[in-house]
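Q: sequence-free structure coming up:
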């Protein structure tokens with residue numbers, strides 16, 4: 001029997017508590033052996049809840065432990081690169097949350113560190129593992145919607161007070177604005193669904209509700225592909241409406257589809273039919289996080305290849321860099 005993989009989680013915020021800790025604990029191929037966070041009450045509570053033996057407030061102390069084989073980096077965006085690079089240098093495999101880093105240069109440094117240390121660098125990919133996204137991907141891959149020529153996606157968070165509490169706002173804007181914090185997740189889904197196409201140009205625009213704000217709270221862009229396919233992305237957390245929107249629509253010459261909820265329509269004999277399959281999973285996000293954990297451990301065990309590669313992460317970083325360059329220069333940018 002193979003020895004279990006000892007995994008530590010760095011950053012114990014809401015996302016780690018929802019997406020990582022419960023599933024790592026239940027997966028029998030690994031030991032959830034360590035957690036790290038600056039808040040002592042948080043690590044004491046979670047350490048007791050999940051029976052985690054090693055608890056750290058100091059990342060430098062944690063990363064030196066010879067008993068930890070791999071680390072999940074679930075800290076604010078600006079800490080992803082330095083913590084990942086340090087962990088790789090100390091011989092740890094790393095699973096890093098999205099976005100990989102706050103700029104293209106840092107992403108390249110992370111990949112270089114992984115190559116030099118000969119350790120695995122895996123990137124969060126739960127959106128690709130959502131049951132509805134998997135179904136839509138299959139429809140597109142098999143040509144059921146025909147040739148895809150347009151896609152649009154958005155994540156618009158309303159300004160209700162309970163959503164934009166100081167803590168929530170700090171979490172959203174830590175280490176980047178609306179596009180880096182929200183847009184990259186939608187970009188990942190779009191690139192996955194349009195994986196047979198090559199991104200060509202981008203035109204971006206940003207908005208700051210408060211002129212003195214360091215980062216944008218609203219961001220929009222149009223991306224063209226080599227075959228003239230068009231993709232639009234809109235994200236923001238200061239929109240003046242009550243309801244939140246999270247959507248992804250895909251249009252082909254034989255049919256169309258949308259996510260949240262999944263609906264697929266196809267033209268047959270000059271009539272439009274709803275061909276949406278039934279999704280058996282009650283909670284698509286919980287299912288995606290569970291699949292993500294299994295994939296993470298299977299990759300460390302060399303049982304499978306990651307659904308999102310370093311090259312995928314690098315492409316997302318390149319497009320993100322081009323986004324901010326376009327917004328700054330107010331012009332179309334070649335990707």
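A: Ah, there it is. Worth saying up front: this structure is predicted, and the values here are computed from it rather than measured.
Q: could you point out which element follows the helix or strand bottoming out on mean pLDDT in the chain?
A: In the chain, the helix or strand scored least confidently by mean pLDDT, DSSP states H and E is helix 166-173, which has a mean of 51. For helix 166-173, the following helix or strand on the C-terminal side (DSSP states H and E) is helix 178.
Q: so residue 5 makes contact with residue 297?
A: Yes - under the criterion of CB atoms under 8 Å, residue 5 makes contact with residue 297 at 6.4 Å. To be clear about C-beta, it is placed using only N, CA and C from the backbone, and glycine gets the same treatment.
Q: mind listing the shared neighbours of those two?
A: Both residue 5 and residue 297 are in contact with 29, 30, where contact means CB atoms under 8 Å, 6 or more residues apart in numbering.
Q: those two: which has the busier surroundings?
A: residue 297 (22 against 19; other CB atoms under 10 Å).
Q: in three-state terms, label the more buried one for me.
A: helix (DSSP: H, G, I helix; E, B strand; the rest coil).
Q: quick one: residues contacting it.
A: Contacts of residue 297 (CB under 8 Å, 6+ apart): 5, 27, 29, 30.
Q: now those residues: which count as buried?
A: 5, 27, 29, 30 (16 or more other CB atoms under 10 Å).
Q: and the furthest pair within these?
A: Spanning the widest gap among the buried ones among the contacts of residue 297 are 5 and 27, at 9.5 Å by CB to CB.
Q: contacts only, for residue 333.
A: 201, 202, 203, 204, 322, 325, 326.
Q: torsion angles phi and psi at the third one?
A: Okay, so that is residue 203. phi -130, psi 120 (degrees, to the nearest 10).
Q: okay, helices next: where are they in the stretch 1-150 of the chain?
A: Secondary structure of the stretch 1-150 of the chain (DSSP state H, counting those that start in this stretch): helices at 14-15, 21-26, 40-49, 59-63, 77-89, 104-117, 131-141.
Q: quickly list what the nearest residue to residue 182 once chain neighbours are set aside is bridged to.
A: Among residues not flanking residue 182 along the chain, residue 235 sits closest, at 4.1 Å (CB to CB, 6 or more residues apart in numbering). With DSSP bridges applied, residue 235 shows beta-bridge pairing to residue 155, residue 219.
Q: hmm, back to that, turn the contacts of residue 297 into CSV, columns for distance to residue 87.
A: Below are those laid out as CSV (distance: CB to CB, whole Å):
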residue, distance to residue 87
5, 14
27, 20
29, 20
30, 16
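Q: if I look at the spatially most central residue of the chain, how far off is residue 54?
A: Against the mean C-alpha coordinate of the chain, by CA atoms, centre = their mean, the closest residue is residue 98 at 4.0 Å. As judged by CB to CB, to the nearest Å, residue 98 and residue 54 stand 26 Å apart.
Q: with residue 318 instead?
A: 37 Å.
Q: for this protein, give me the ranges with low pLDDT.
A: 1, 159-175, 240, 242 (pLDDT under 70).
Q: so where do the strands sit in the stretch 151-300 of the chain?
A: 199-207, 218-225, 230-239, 245-252, 255-259, 263-268, 271-274 (DSSP state E, counting those that start in this stretch).
Q: reformat those as TSV; add distance to residue 147 and mean neighbour count.
A: Below are the strands of the stretch 151-300 of the chain laid out as TSV (distance: least, CB to CB, whole Å; neighbours: other CB atoms under 10 Å):
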stretch	distance to residue 147	mean neighbour count
strand 199-207	17	19
strand 218-225	12	21
strand 230-239	13	22
strand 245-252	6	18
strand 255-259	11	22
strand 263-268	13	16
strand 271-274	17	10
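Q: domain assignment for this protein?
A: 5-123, 127-288+316-334 (automatic domain parsing).
Q: and residue 131, how many neighbours?
A: Neighbours of residue 131 (other CB under 10 Å): 18.
Q: swap that for residue 41, please
A: There are 8 residues near residue 41, going by other CB under 10 Å.
Q: for residue 98, which non-adjacent residue is spatially closest?
A: Residue 98 sits nearest to residue 124 (CB to CB, 6+ apart), 4.5 Å away.
Q: residue contacts, the one you found?
A: 95, 96, 97, 98, 292, 308.
Q: kindly indicate the member of these with the most neighbours.
A: Neighbour-wise, those (other CB under 10 Å) top out at residue 95, 28 neighbours.
Q: what sits against the closest residue to residue 137 other than its chain neighbours?
A: Sequence neighbours aside, residue 193 is the residue nearest to residue 137 in space, at 5.9 Å (criterion: CB to CB, 6+ apart). Listed by CB under 8 Å, 6+ apart, the contact partners of residue 193 are 133, 136, 137, 140, 148, 151, 248, 250.
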